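Asks: can you look at this prediction? I've put the sequence above it.
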Amino acid sequence: MASTELNIASIPTDLFIGGAWRASATGKRIDVIDPATESRLASVADASVEDAIQAVDAADKAAKDWAKTAPRVRSDILRRCYDLMIRDAEKLAKLISLENGKSLTDAKGEVAYAAEFFRWYAEEAVRINGEISIAPSGMARTLVQYQPVGISLLITPWNFPAAMATRKIGPALAAGCTCILKPATETPLTAYAIAALLAEAGVPAGVVNVLTTSTAGKVSNAILEDPRVRKLSFTGSTEVGRILLRKAADSVINCSMELGGNAPFVVFDDADMDAAIEGAMIAKMRNGGEACTAANRFYVQRGAAAEFSRRLAERIAALVVDDGIKPGTQCGPLVNKAAVEKVASLVDDAVAKGAKVLTGGKAPGRVGYFFQPTVLTDVSSDADLLGEEIFGPVAPIVVFDTEAQAVELANATEYGLVAYIYTSDLARGLRVSEMVESGMIALNRGLVSDPAAPFGGVKQSGLGREGAHHGLLEFTEAKYISTNW
Ligand code: ADP
């Protein structure tokens, strides 16, 4: 695979179970649609409950050997996964762009980010250190060892089809767990392309199994009901996260949940305006706004509001909107028709409640699931888009006066994933960072994602962390051994 040309017909489309590619038990298939052209790219196997149980069988069969495979061997395999992803970066980026819609530039950024999880967890695999101490009574030694949690179900969304998969597979494999990946039906090809690379890198049969299904609820329920499965790592909506947490409760499954966000982007009067605009473009427009970390609400202090709104609208209006795969495209289509309808209805609601459209505002009349990059000002506090994830290229701007008001507005949400804060006063930056209820803060930056840092939310944005050493520990259980000497 030395060329950078993507041959879509070469991407596997069958289930990957026990190291083999095979059709589903029912023979059913799911169409994969190019959101830029609305045409069919491929069709993938549609797994049934029977297939899912076979995937658990395969993960179970591989579990003991993988858990006792030397950490250095696991590390070397993960490092090869990284090398192969980098080798195929160009092709993977094209594939992501085609099935997800995002611009090729964003897709290339995603592949680099996704590959880093393999490199990072290759490095972490040999650093699963325990602890040893003397009990406070002096009567015993306390030994703590981190053991693999067990067979893990990994459910991923369509917005980062490569990175959300590697962010889970990397730590699972480093920790010594076998797993079943269930990618979103909108973007399954990237997951299968990664599975093929993992096999090439030497991941043993059954250690990673991948299945796509049109009956996610039924299939994941069957997997979670299997007593051999001990872990669920989910990235997706808060709504589905709640359903899965309830289900996982039946078997008291260890859960890591990366759920929705409603990120505030706060700009104080003293902010460096050039930096704030640059950061806003990244925080809002990366992936066309289809990210749980996307800036969802812009709160700008009164003195900076007019300039910020004008400059942001100018930049957003100048974006090249076209098929993601075309060179020069800066904003591709949304993932599907339902996404466009949702964004349109949120914008219509805000406008009906008094918002002014500075640029964009509607879906252009063309083939593909496009929505015009949009900036709204004078957004009323009861507009739905301030409370819900927009998941599209729409920036609503609200003016505030005081620091206390900014903190109150930022915290007025059930979510708490990430917040962006722009100020040139470091003391204020740190003070506000500490008061905002959020798992992550981007202080004078438009991006937080980093495989070496703990990614995750508070409140209804989730449970647990991914990336960093924290992400590895999510796939382990602490075993405590008490002994007299
Ligand atoms: P999004 O809004 O980003 O599509 P979802 O939460 O709907 O987020 O989907 C994220 C992932 O969860 C996808 O892989 C999807 O197929 C899966 N999913 C959706 N509903 C369920 C369910 N009831 N049980 C298990 N997985 C589900």
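Replies: Yep, that arrived.
Asks: from here on, contacts and neighbour counts on C-alpha atoms
Replies: OK.
Asks: and residue 28, what does it touch?
Replies: 45-47 (Cα atoms under 8 Å, 6 or more residues apart in numbering).
Asks: equivalent analysis for residue 261, please.
Replies: Residues near residue 261 by Cα under 8 Å, 6+ apart: 292-294, 389, 415-418, 461.
Asks: in the stretch 101-250 of the chain, which spans are strands?
Replies: Secondary structure of the stretch 101-250 of the chain (DSSP state E, counting those that start in this stretch): strands at 131-134, 141-148, 151-155, 179-182, 208-210, 229-235.
Asks: average model confidence for the first one?
Replies: The average pLDDT within strand 131-134 is 96.
Asks: with just CA atoms, put it into CSV.
Replies: C-alpha atoms of strand 131-134 as CSV (Å, rounded to 0.1, in the frame of the first residue of the first chain):
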residue,chain,number,x,y,z
GLU,A,131,2.5,0.6,44.1
ILE,A,132,4.0,-0.9,47.3
SER,A,133,3.7,0.6,50.7
ILE,A,134,3.6,-0.3,54.4
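Asks: starting at the chain centroid, how far to that strand?
Replies: Mean C-alpha position of strand 131-134 versus that of the full chain (Cα atoms, centre = their mean, to the nearest Å) differs by 36 Å.
Asks: again with the last one
Replies: Remark: strand 229-235 is offset 15 Å from the chain centroid, using Cα atoms, centre = their mean.
Asks: before we move on, the earlier item: of the contacts of residue 28 - the most surrounded one?
Replies: Most neighbours among the contacts of residue 28, by other Cα atoms under 10 Å: residue 47, with 27 neighbours.
Asks: list the contacts for it?
Replies: 15, 24-26, 28, 211-215, 219.
Asks: just the buried ones among those residues, please.
Replies: Buried by 16 or more other Cα atoms under 10 Å: 15, 24, 211-214, 219, out of the contacts of residue 47.
Asks: ok, of these, which one's closest to residue 398?
Replies: Set against residue 398, the nearest of those by Cα to Cα is residue 214 (39.9 Å).
Asks: low-scoring stretches of the stretch 201-350 of the chain, by residue?
Replies: For the stretch 201-350 of the chain, no stretch is flagged by pLDDT under 70.
Asks: sorry, back to before: distance to the ligand added to the buried ones among the contacts of residue 47, as JSON lines?
Replies: Shown next, in JSON lines, are those (distance: Cα to the nearest ligand atom, whole Å):
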{"residue": "15", "distance to the ligand": "15"}
{"residue": "24", "distance to the ligand": "17"}
{"residue": "211", "distance to the ligand": "10"}
{"residue": "212", "distance to the ligand": "8"}
{"residue": "213", "distance to the ligand": "8"}
{"residue": "214", "distance to the ligand": "7"}
{"residue": "219", "distance to the ligand": "7"}
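Asks: gap between stretch 221-241 and the chain center?
Replies: For stretch 221-241, the distance to the chain centre is 16 Å (Cα atoms, centre = their mean).
Asks: distance between the ends of it?
Replies: 13 Å (Cα to Cα, to the nearest Å).
Asks: please identify the buried residues of it?
Replies: 222-225, 229-238, 241.
Asks: now, which of those residues sits nearest residue 313?
Replies: Nearest to residue 313 among the buried residues of stretch 221-241, with distances taken as Cα to Cα, is residue 237, at 28.9 Å.
Asks: centre of the chain versus stretch 90-107, how much separation?
Replies: With Cα atoms, centre = their mean, you get 15 Å for stretch 90-107.
Asks: numbering from 637 from now on, please.
Replies: Sure thing, new numbering starts at 637, so read that last one as stretch 726-743.
Asks: let me see the mean pLDDT of it.
Replies: 98.
Asks: identify the residues contacting the residue of the chain lying at maximal distance from its centre.
Replies: Computed with Cα atoms, centre = their mean, the residue of the chain farthest from its C-alpha average is residue 775, at 46.4 Å. Residue 775 makes contact with residue 1120, according to Cα under 8 Å, 6+ apart.
Asks: residue 932 touches residue 896, doesn't it?
Replies: No. Taking contact to mean Cα atoms under 8 Å, the distance of 11.2 Å between residue 932 and residue 896 leaves them out of contact.
Asks: right, I'll call it a day here.
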